[in-house]
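fold the following and give me the result.
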Amino acid sequence: MTMTGRYWAAAFGLTLMTVACGASDTTETGRGAAPIERKPLPPNEFTPVEIEATIDKLVAEINKSSIQPVQLTVLLKSLDAFFAPIATGANRAMGELGVAERVTGNVLGPADASADHVKSMELQSQQIEQAVADGAEGISLTPFGEGNVAAIDEAVANGVPVVALDTDLTTSKRSIYVGTISESAGTTAGETLLAMLPPAPGTVLIHGWVDPVWADGVMRTQAARDVFEAADYDVLVHQSIYDDEAKDIDVMKREIEAADPPVVGLIGMFNDSYRCVMAADAAGVPKLPIVAFDFAPQTADYMRQGRIKATHVQRQYYEGYLGPYIVYGIKSIGLDATLEILAPQMLKGGRFDLGVDVVPAQKIDAFYDFLASIGAEQ
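Predicted coordinates for the structure are as follows:
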């Protein structure tokens, strides 16, 4: 590790995983790399069958190629909480590619995401630059925001393909984005709650996002809003006060109490969705239907109590798992061939749509079993 690398480890709290330390004689003599072998998943109703089929097809095409080991770097916002399943997937993919002697490289990320956002973004840009300087031939990452665009573009200009995970940077030259598509996810969540509401009129409170600094948050919120407004409900969008839970709940409480017509349901669009339950309780309307997003421990607890009727879970494991495979696919069979294989899930703008799992409260145990089967418990 370079001196700069030591600085990152200290400042960023990085955990590092190294895979595939070298190539075998078979690869070195050009007789072909070992085939990649994926461990099959046990059957489960939440297994994304179509995505699994796409990955199998990509691996089959990669296995026909024969190239020297490629140095890849995976940079994550965090290895904890929401990002832990992304790390699990990335580590598994890097391990499978490493065993097949096709990849060397690291999975890097801070132990938690509590550091200042701007500083973390700056540090990640330095990581991108240093990874390229250290010989990385491909990068997949969960970017912090627009401040990473220049570093990503510079990497691409140096022949290093970049795949964005979880957060898209459409203004950058990244090759592909893999993750939840905010518009479709917001529509799906809105339709879940819509089926539980009494007939209009009534007000739906969305615990969401309106600040344009986070475009994906705005788009997900607006897509849900469109669902309710099309069904003739009034909509009240509450801007999440993410870093102050007590204030967040108190503001929502007052909004519920003041709503006219009365609030008939609540929906949360992000990992702090469970606060909708606390706000409804504080406002004295505990029986309102509530739908959530993501799978925070508090959300799961409220689902078991029947307070949250359903949640919508992003497929973080598959974000992490697909990242190294797509980057390696670009290097081994080319971008066009990789995109052709990924076509069933690809949307305009180079976006791979992972979709979301709709988890009703009564199926929470089945979903836990699925997460356990892929090692992605949250």
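
need the nearest residue in space to residue 156, chain neighbours excluded.
Once flanking residues are discounted, residue 156 sits nearest to residue 173: 4.3 Å by Cβ to Cβ, 6 or more residues apart in numbering. Every residue, glycine included, has its C-beta placed from N, CA and C.

again, but for residue 310
Closest to residue 310 by Cβ to Cβ, 6+ apart is residue 360, at 4.8 Å.

that neighbour: neighbouring residues, count only.
13 (other Cβ atoms under 10 Å).

can you spell out which helices and strands pack onto the one helix or strand residue 91 maps to?
Per DSSP states H and E, residue 91 falls inside helix 84-99. Where contact means 3 or more Cβ pairs under 8 Å, 6 or more residues apart in numbering; DSSP states H and E, helix 84-99 is packed against strand 14-19, strand 70-75, strand 103-110, helix 316-333.

adding mean pLDDT, mean neighbour count and distance to residue 249 as columns, could you present the ones you listed in JSON lines?
Formatted as JSON lines, these follow (pLDDT from 0 to 100; neighbours: other Cβ atoms under 10 Å; distance: least, Cβ to Cβ, whole Å):
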{"stretch": "strand 14-19", "mean pLDDT": "47", "mean neighbour count": "16", "distance to residue 249": "33"}
{"stretch": "strand 70-75", "mean pLDDT": "97", "mean neighbour count": "26", "distance to residue 249": "34"}
{"stretch": "strand 103-110", "mean pLDDT": "93", "mean neighbour count": "25", "distance to residue 249": "28"}
{"stretch": "helix 316-333", "mean pLDDT": "97", "mean neighbour count": "26", "distance to residue 249": "26"}
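
out of these, which comes closest to residue 153?
Across the helices and strands packed on helix 84-99, residue 153 has its closest neighbour in strand 70-75 (15.5 Å, Cβ to Cβ).

and that closest one, which strands flank it?
When pairing is defined by DSSP bridges, strand 70-75 lines up against strand 103-110 (parallel), strand 138-141 (parallel).

any idea how far the helix or strand residue 186 falls within is from the chain center?
Using DSSP H and E, residue 186 maps to helix 182-194. Centre-to-centre, helix 182-194 and its host chain are 17 Å apart (Cα atoms, centre = their mean, to the nearest Å).

whatever helix or strand comes next after that helix: partners in the sheet, and parallel or antiparallel?
Counting by DSSP H and E, the element after helix 182-194 in chain order, helix or strand, is strand 203-208. Partners of strand 203-208 in the sheet, by DSSP bridges, are strand 234-239 (parallel), strand 263-268 (parallel).

which of these sits most buried?
When you average the neighbours per residue for each of the strands paired with strand 203-208 (mean count of other Cβ atoms under 10 Å), strand 263-268 leads with a mean of 27.

so what touches the helix or strand just after that strand?
Remark: after strand 263-268, the chain's next helix or strand is helix 275-282, criterion DSSP H and E. If you take Cβ atoms under 8 Å, 6 or more residues apart in numbering as the criterion, helix 275-282 is touched by 205, 207, 245, 248-250, 252-253, 256, 266-268, 286, 288, 290, 292, 302, 307-308.

same list (the strands paired with strand 203-208) but as CSV, adding distance to residue 130 and mean pLDDT.
Shown next, in CSV, are these (distance: least, Cβ to Cβ, whole Å; pLDDT from 0 to 100):
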stretch, distance to residue 130, mean pLDDT
strand 234-239, 36, 98
strand 263-268, 38, 98
